[in-house]
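A.B. asks: build me a model from this:
(one chain, ligands or ions: 1)
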Amino acid sequence: MMSIQSESQRNGNGGSELQKDENEGSESQKDGNGRCEISNGTYSKDAKLVESSGSTIDGNEILALVEWLNYIVPYLRLPTDASEEEIRACLIDGTVLCRILNKLCPGSVEMGGSSDPGFANVKRFLVAVEELGFPPFELLDLEQGSLVPVMRCLSALKTSFDFGFWEGNTKNETKTGGELLEIEYLRKIDRNQSFKRYGQQGTQNGEGTQGNSDDSTSEVTVPPALLEQLKQGTNVDLCDVKILESIKSTSLDNASTRALFTVGNRILDDSAERNNGDVPQHLAYLLRKVMQVIEQRFANQAVNLRIQNNMYKGREEKYQMKMKVLETLASGTSEEIQVVLNQLKQMKIEQFNIEEKQKIEEQDVLRLKEEKDQMGLEISTLKQELQTTKSTHESHCLQLEANAKEAKLELERKLKELESLLTGSKKNEKELETSLESVSGKWKQKEGSYQSFVNFQVGALKELSTALESTRCEIMSAKQSYFEEFNCMGSKLRGLADAAEKYHVVLAENRKLYNEVQDLKGNIRVYCRIRPFLPGQSQKQTTIEYVGENGDLVIANPSKQRKDSRKLFKFNKVFGPAATQEEVFLDTQPLIRSVLDGYSVCIFAYGQTGSGKTYTMWAQCNINRGMGCQLSSPK
Ligand SMILES: Nc1ncnc2c1ncn2[C@@H]1O[C@H](COP(=O)(O)OP(=O)(O)OP(=O)(O)O)[C@@H](O)[C@H]1O
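C.D. replies: As a prediction, the model looks like this:
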């Protein structure tokens, strides 16, 4: 920081200027001091940011700072050629500043939302920066003034980051302001080496940075071997006058203090050995330069120590203040302590809420970005749809226009057809009128004839009505006679019903008597039917000798003698071979009637196979079916 201060020049101009070298071409304009202002307000490596007090920050430092900001707060995405106003816009609400400090030293500063009133975030940042011993800036600088103090503050933070002072990542391990001043001093030495540290992969620290230095007058012209020897503090061949002549004062800046002492001692020893205590002029020159560098370093150290001392004093005062507050709290009532504790709790809760809000805001930002992307996609798809719809609409319009033209032509054609039809219909109308007149004449004639026919019909109707009246009289008289006859018939029917009733009584009595007769005839009756010879039978010999009317049947047995040669059988009746089916049925018919009267009857046939059982029973069934009765087959 001190080295920057020593470089600053006060020119007395108000406001800040963006400047770059004279080589920048037509975009730049020279001011009175021979510096160039940048018309488009963006930085280049050779540009300088000049404060009203005259102190500057060169373009390399600004670019490095912008890269560092992007590295620490990735969502910033500041362009490397960001203008002063762009940098101011992203820092003005203080959230980025607080975020940087919290990233380096978590919890070092409370952070509100971006909408915090009255630059609350910036004020918190400034308090925290001051506490940590970094160079602060004024609120006005960030609002509308020069950005140099702001950049310087950020630069100091960046330097501390470069030298790993935040690696512990806790508040207790942070460095003091004095230590940071030392870092600033070292940074001055190593500025070019750390320039390309951020965002440039494959570039090692210090690689190829010497040639990029903007300070061409301070370039090291010492041969690398000698410089290395100086840095390592090894013995140098001081007899090489050419080499010593090529040494410039700034080349010694890169050597360590120990190396410088070694060089000085070596020069003195060599002088004592070779020239009896006399020091050659070139060695004296080198010795003087070494001593100047050492003196300068000591002076710097002294200044650093003074500043450090002042800071320690400031801190001590602060701690004493805090101790006093704590003592008053300790000596106060428990209620006051409770109040303070409650306030502390409240503050913690508020801090937690603020952090939560911050997280939510970050999430909202991400979500909004996603939504924005989504909306962008939707808009593009909608645009495409609109384009396609537009094209389809246009094609549709063209189609409609073509259709309209076709329809118009069609209508014109139809109009012509209708006109021709109209003329034709007019002709038809005239023809129809003439035919109508002739038809109406015919209809008038027909009307006359119909009138006469109607008159005739009316006369006939009158005659019919008189006839109807006489018919009605006749019907009435017939109805009268019908009622009389009906009454007469009713009396007759009653007589018939009485007779029928008597008939049923008689019938029941008759049935009873009939069944009694059947019983008298015998409950079990045995009939015999003799089957005639069948047409195919060759030998027609029969054993039947006699068939009696009373049911006797004599069978001859030629194989036996005398008495046993004939056998007499007795049946209720014997049907001979000539007996017909009807004859057989006539004898069983009364039994069928008994069945109808509700008596149980069983008829079955018995005999050897082929003797005619089925034939006979089948005949019974066939004949009985005619009487509404069905007998069961013997089989
Ligand atoms: N009274 C009849 N007049 C003429 N043909 C007869 C008479 N009785 C039987 N037949 C004939 O004799 C044959 C045998 O008769 P049927 O089949 O009725 O005997 P069946 O006793 O029922 O024999 P099966 O016990 O083997 O059944 C038949 O061809 C039948 O037409």
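
A.B. asks: low-confidence regions, the protein specifically.
C.D. replies: Along the chain, the model assigns pLDDT under 70 to residues 1-55, 113-118, 167-256, 258, 271-283, 332-334, 336, 623-635.

A.B. asks: would you map the strands across it?
C.D. replies: 17-20, 28-30, 36-38, 48-50, 56-58, 527-529, 544-547, 552-556, 566-570, 573-575 (DSSP state E).

A.B. asks: burial measure for the residue of the chain at minimum distance from the ligand, as a count.
C.D. replies: Going by CB to the nearest ligand atom, the ligand is nearest to Gly612 of the chain, at 2.7 Å. Any C-beta I mention is one placed from the backbone N, CA and C, and that applies to glycine too. By other CB atoms under 10 Å, 17 other residues sit near Gly612.

A.B. asks: tell me which residue is most central in the chain.
C.D. replies: For the chain, Gln374 is the residue whose C-alpha lies nearest the centre (CA atoms, centre = their mean; 14.6 Å).

A.B. asks: how near is that one to Pro577?
C.D. replies: Counting by CB to CB, to the nearest Å, the separation of Gln374 from Pro577 is 120 Å.

A.B. asks: and for Gly145?
C.D. replies: Separation of Gly145 from Pro577 (CB to CB) stands at 161 Å.

A.B. asks: which one of the two is surrounded by more residues?
C.D. replies: Taking other CB under 10 Å, Gly145 and Pro577 do not tie; Gly145 has more neighbours (19 against 13).

A.B. asks: phi and psi next, for the more buried one.
C.D. replies: phi -90, psi -150 (degrees, to the nearest 10).

A.B. asks: which residue, neighbours along the chain excluded, lies closest to Ala120?
C.D. replies: Among residues not flanking Ala120 along the chain, Gly112 sits closest, at 5.5 Å (CB to CB, 6 or more residues apart in numbering).

A.B. asks: Leu287 now?
C.D. replies: Spatial nearest neighbour of Leu287, excluding adjacent residues (CB to CB, 6+ apart): Ile267 at 5.1 Å.

A.B. asks: from Glu295, how far off is that neighbour?
C.D. replies: Taken as CB to CB, the span from Ile267 to Glu295 is 16 Å.

A.B. asks: looking at the two, which is more packed in?
C.D. replies: Each of Ile267 and Glu295 has its neighbours counted (other CB under 10 Å); Ile267 has more, 20 against 10.

A.B. asks: surely that one meets Leu286?
C.D. replies: Yes - if you go by CB atoms under 8 Å, Ile267 and Leu286 touch, sitting 6.5 Å apart.

A.B. asks: let me see the contact set for the residue of the chain closest to the ligand.
C.D. replies: 529, 531 (CB atoms under 8 Å, 6 or more residues apart in numbering).

A.B. asks: can I get stretch 458-474 as PDB, trimmed to CA atoms?
C.D. replies: Only the C-alpha atoms of stretch 458-474 are listed here, as PDB (Å, rounded to 0.1, in the frame of the first residue of the first chain):
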ATOM      1  CA  VAL A 458    -130.100 -36.100 -51.900                       C
ATOM      2  CA  GLY A 459    -133.500 -37.400 -53.200                       C
ATOM      3  CA  ALA A 460    -132.200 -40.900 -52.800                       C
ATOM      4  CA  LEU A 461    -130.900 -40.100 -49.400                       C
ATOM      5  CA  LYS A 462    -134.400 -38.900 -48.300                       C
ATOM      6  CA  GLU A 463    -135.900 -42.100 -49.600                       C
ATOM      7  CA  LEU A 464    -133.200 -44.000 -47.700                       C
ATOM      8  CA  SER A 465    -134.000 -42.200 -44.500                       C
ATOM      9  CA  THR A 466    -137.700 -43.000 -44.700                       C
ATOM     10  CA  ALA A 467    -136.700 -46.600 -45.400                       C
ATOM     11  CA  LEU A 468    -134.300 -46.500 -42.500                       C
ATOM     12  CA  GLU A 469    -137.100 -45.200 -40.300                       C
ATOM     13  CA  SER A 470    -139.400 -48.100 -41.300                       C
ATOM     14  CA  THR A 471    -136.500 -50.600 -40.900                       C
ATOM     15  CA  ARG A 472    -135.900 -49.200 -37.400                       C
ATOM     16  CA  CYS A 473    -139.600 -49.700 -36.500                       C
ATOM     17  CA  GLU A 474    -139.300 -53.300 -37.800                       C
END
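
A.B. asks: quick one: distance of the helix of greatest length in the chain to the chain centre.
C.D. replies: Secondary structure of the chain per DSSP state H: the longest helix is helix 334-521. For helix 334-521, the separation from the chain centroid amounts to 45 Å (computed by CA atoms, centre = their mean, to the nearest Å).

A.B. asks: repeat that for stretch 515-530.
C.D. replies: Stretch 515-530 sits 104 Å away from the centroid of its parent chain (CA atoms, centre = their mean).

A.B. asks: again, but for stretch 610-620
C.D. replies: The answer for stretch 610-620 is 94 Å, by CA atoms, centre = their mean.

A.B. asks: try stretch 121-131
C.D. replies: Chain-centre distance of stretch 121-131: 47 Å, with CA atoms, centre = their mean.

A.B. asks: could you do stretch 522-540 as well?
C.D. replies: On the basis of CA atoms, centre = their mean, stretch 522-540 is displaced by 104 Å from the centre of the chain it belongs to.

A.B. asks: list the buried residues for that stretch?
C.D. replies: Under the neighbour-count criterion of 16 or more other CB atoms under 10 Å, stretch 522-540 has 527-530 buried.

A.B. asks: check stretch 296-312 too.
C.D. replies: 300, 304, 307-308, 311.

A.B. asks: for these, give me TSV that also has distance to Val458.
C.D. replies: Formatted as TSV, these follow (distance: CB to CB, whole Å):
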residue	distance to Val458
Asn300	154
Asn304	152
Ile307	149
Gln308	150
Met311	146
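
A.B. asks: which parts of this protein sit against the ligand?
C.D. replies: 531-532, 534, 607, 609-615 (CB under 6 Å from any ligand atom).

A.B. asks: determine which two of these are furthest apart.
C.D. replies: Pro532 and Thr609 (16.8 Å; CB to CB).

A.B. asks: now the helices for the stretch 51-200 of the chain?
C.D. replies: If DSSP state H, counting those that start in this stretch is used as the criterion, the helices of the stretch 51-200 of the chain fall at 59-72, 84-91, 95-104, 120-132, 139-143, 148-162, 177-194.

A.B. asks: go through those helices and pick out the most buried.
C.D. replies: Mean neighbour count (mean count of other CB atoms under 10 Å) peaks for helix 148-162 among these, with a mean of 23.

A.B. asks: which helices and strands sit right next to that one?
C.D. replies: Packing partners of helix 148-162 (3 or more CB pairs under 8 Å, 6 or more residues apart in numbering; DSSP states H and E): strand 48-50, strand 56-58, helix 59-72, helix 95-104, helix 139-143, helix 177-194.
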